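In: sequence and predicted structure below; questions after.
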Amino acid sequence: MAKDYIYYILTMKTPTQEFKEKGFKNFKEDIEAGVRIFNAQLKNEKELVLLDVEDSEIYLMLITEPKEDKQYTLKDLVIFSRIMYNTLNWNKYTREENTLFYSKRTEKLEISSAEEIICEFGLIPYDYMDEDDLESIEHEPIEIEEIDEEEGFFDYISDEQAIAVFNYLLKVQDIGDAYSIERKKHTINKIKKILEEWI
């Protein structure tokens with residue numbers, strides 16, 4: 001059965017002046033620890049994926065077993081909020097008792113959209129998403145063209161994202177319809193040929 005993928009953009013509801021000055025990025029290790037604790041407590045039931053941390057926002061994806069007629073809200077992250085507030089002592093960063101976050105965006109995603117968002121953040125969908133869900137995605141046929149480096153294509157992705165995408169292609173090269181498999185293998189072979197001159 002397909003999983004549910006819920007995308008969140010969180011910010012602090014009533015941050016203290018200290019937190020406003022420092023922002024989420026200065027507490028990234030705390031956020032990563034909170035995600036690990038959440039996943040350990042809810043193992044085999046839910047998984048929280050930390051997509052990115054900006055100064056004023058946290059980007060998360062909750063992966064959970066589907067529930068009929070389920071409306072997802074910030075309440076689905078109440079355990080994460082309690083972990084941050086109590087276990088990691090974030091109570092000192094809020095001016096409102098027992099309240100940390102509010103959600104600027106809460107959206108249940110289609111499987112294909114979940115894959116796209118994970119890729120956009122430089123992560124590998126295969127590491128987080130259900131394999132059957134990934135295999136169910138029907139990609140639109142795209143004509144394979146040669147990449148013109150002079151067009152500035154490589155300015156759009158970072159080195160880390162490039163590595164993540166290539167690793168993802170290697171892992172899922174045999175997954176999908178015949179066209180998708182052929183296209184991925186074609187891309188992988190092109191990249192390998194480029195790298196050969198540096199070996």
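Out: Structure's in. What do you need?
In: pLDDT below threshold where in this structure?
Out: 1, 138-157, 176-180 (pLDDT under 70).
In: break it into its domains for me.
Out: Domain segmentation of the chain under automatic domain parsing yields 4-135, 149-196.
In: okay, those domains, which one's buried deepest?
Out: domain 4-135 (a mean of 16; mean count of other Cβ atoms under 10 Å). Any C-beta I mention is one placed from the backbone N, CA and C, and that applies to glycine too.
In: just confirm residue 8 contacts residue 59, I think it does.
Out: Yes - using Cβ atoms under 8 Å, residue 8 makes contact with residue 59 at a distance of 7.4 Å.
In: how near is the spatially closest residue to residue 56 that is not a sequence neighbour to residue 59?
Out: For residue 56, ignoring the flanking residues on the chain, the nearest one in space by Cβ to Cβ, 6 or more residues apart in numbering is residue 11 at 5.7 Å. For residue 11, the distance to residue 59 equals 11 Å [Cβ to Cβ, to the nearest Å].
In: for residue 105, same thing?
Out: 9 Å.
In: pretty sure residue 119 contacts residue 168?
Out: Yes - with contacts counted by Cβ under 8 Å, residue 119 reaches residue 168, the gap being 7.1 Å.
In: shared neighbours of the two, which are they?
Out: residue 125 (Cβ atoms under 8 Å, 6 or more residues apart in numbering).
In: so how far is the helix ranked longest in the chain from its chain's centroid?
Out: The single longest helix within the chain, with elements called by DSSP state H, is helix 178-196. In terms of Cα atoms, centre = their mean, to the nearest Å, the centre of helix 178-196 is found 25 Å from the chain centre.
In: over to stretch 13-31?
Out: Per Cα atoms, centre = their mean, the centroid offset for stretch 13-31 relative to its chain is 21 Å.
In: and that stretch, end to end?
Out: 16 Å (Cα to Cα, to the nearest Å).
In: helix, strand, or coil at the closest residue to residue 32 other than its chain neighbours?
Out: Nearest non-adjacent residue to residue 32, counting by Cβ to Cβ, 6+ apart: residue 50, 6.2 Å away. Per DSSP: H, G, I helix; E, B strand; the rest coil, the secondary structure class of residue 50 is strand.
In: for this structure, what spans make up the strands?
Out: 4-12, 46-53, 58-64, 101-109 (DSSP state E).
In: dump the ones you listed into CSV; add distance to residue 83 as well.
Out: Converted to CSV, those look like this (distance: least, Cβ to Cβ, whole Å):
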stretch, distance to residue 83
strand 4-12, 13
strand 46-53, 10
strand 58-64, 13
strand 101-109, 12
